[in-house]
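1. fold the following for me, if possible:
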Amino acid sequence: MNALKREIKSQMSAHKTKLGPARLCLDDIRDLLDAVKEFQGGRSKKENDSSGTEVANDPSENMSSVKLLAGNAVAESVEDLKEATPEELRHVSISSREPLMEIDLWHTSAEITVDTQDVAARAFADSVASFIGERKASPLIFAFRPIDWLFIPLMLSYGIFLYFFYRGDASVGLSAVGLLLAFVAIFAAGSRIYWARKLGSVKVDPVWRNEKRTLSSQARTNILIAVGAALLGAVITSIAGLWQGWFVK
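-> Just a heads-up that it's a prediction; the model follows:
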């Protein structure tokens, strides 16, 4: 009786390159999509030339093998991203079947994944990371939601208020709570900024670059909230200092 012959199938070893923090417009998505199609087309042509066979280059086949996704929705064109929901825009992806490639332009965990053994694909991944790196964005837009711009400064201010106002022996508990709140606020802000850089972050703005100026209203709202929270915190801290100086002996 012959022994069974088992074939061991090799599996792709994933090479991941973190992307961002960066902010991309539809122009950038179009350039990335075209670059993936061009890379795929060049790979197919090279393989055909090496095998000595002539295969017709069907543009529609290349189009179908490179997909643009917004969440679970398939976009037929870059323009379709204008119809995507805010949640779908947090998970924009460009994927290719051959070579196997995933470019995840996600709000968090943004990365490009290729086969570790594919030297050309790894070089292409580095070029994509360099392209996205040129469109740098502040990690603050990924670390904080609009409500955080109000909540974290308020928690920090209230913690400082409790710490300086209740410093007597009879109020050690409240003083400790104030110190804890201030520490949590600082730690939460710092850790969110760290992970925004560490995990990779990309924000997709569903506008063309010449339309980007229309997004300033959201930026103004975030700035106003941050400034208002900072001013309120300063007022609370000042009142605490005055109260301590006037009434606490």
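2. for Asp118, give me the backbone phi and psi.
-> Main-chain torsions, Asp118, degrees, to the nearest 10: phi -90, psi 100.
3. the closest residue to it other than its chain neighbours: how many residues sit nearby?
-> Leaving aside its chain neighbours, Asp118 sits nearest to Pro99 (5.8 Å; criterion: C-beta to C-beta, 6 or more residues apart in numbering). C-beta: built from backbone N, CA, C; applies to glycine. For Pro99, the count of nearby residues is 17 (other C-beta atoms under 10 Å).
4. before we move on, what about Ala143?
-> So Ala143, with other C-beta under 10 Å, has 22 neighbours.
5. got it, and Phe144?
-> Phe144: 21 neighbours (other C-beta under 10 Å).
6. ok, it to Glu79 distance?
-> Using C-beta to C-beta, to the nearest Å, one gets 30 Å for the distance from Phe144 to Glu79.
7. likewise Ser93?
-> Taken as C-beta to C-beta, the span from Ser93 to Glu79 is 17 Å.
8. wait, Asp31 touches Phe131, no?
-> Yes. In this structure, Asp31 is within contact of Phe131 by C-beta atoms under 8 Å, at 7.5 Å.
9. any stretches of the protein with poor pLDDT?
-> 1-12, 44-64, 145-149, 163, 165-176, 213-249 (pLDDT under 70).
10. who touches Ala189 in this structure?
-> 143-144, 152 (C-beta atoms under 8 Å, 6 or more residues apart in numbering).
11. which stretches in the chain count as strands?
-> Secondary structure of the chain (DSSP state E): strands at 14-18, 22-24, 66-70, 73-75, 91-96, 101-106, 111-115, 202-204.
12. now distance to Pro139 too, for those, in a markdown table please.
-> Shown next, in a markdown table, are those (distance: least, C-beta to C-beta, whole Å):
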| stretch | distance to Pro139 |
| --- | --- |
| strand 14-18 | 13 |
| strand 22-24 | 10 |
| strand 66-70 | 23 |
| strand 73-75 | 27 |
| strand 91-96 | 19 |
| strand 101-106 | 15 |
| strand 111-115 | 16 |
| strand 202-204 | 11 |
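13. including mean neighbour count, could the ones you listed go into CSV?
-> Converted to CSV, the strands of the chain look like this (neighbours: other C-beta atoms under 10 Å):
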stretch, mean neighbour count
strand 14-18, 15
strand 22-24, 21
strand 66-70, 19
strand 73-75, 15
strand 91-96, 20
strand 101-106, 23
strand 111-115, 22
strand 202-204, 23
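14. closest one to Glu38 among those strands?
-> strand 66-70 (10.1 Å; C-beta to C-beta).
15. show me what that closest one is packed up against.
-> helix 26-51, strand 73-75, strand 91-96 (3 or more C-beta pairs under 8 Å, 6 or more residues apart in numbering; DSSP states H and E).
16. thinking Tyr158 is in contact with Leu180, fair?
-> No. With contact defined as C-beta under 8 Å, Tyr158 does not reach Leu180; the gap is 11.2 Å.
17. more neighbours: which of the two?
-> Taking other C-beta under 10 Å, Tyr158 and Leu180 do not tie; Tyr158 has more neighbours (20 against 13).
18. for the more buried one, give its distance to Leu181.
-> For Tyr158, the distance to Leu181 equals 6 Å [C-beta to C-beta].
19. next: Glu88.
-> For Glu88, the distance to Leu181 - C-beta to C-beta - is 36 Å.
20. and the helices in the protein?
-> 26-51, 59-65, 86-89, 119-133, 140-143, 148-165, 172-199, 216-247 (DSSP state H).
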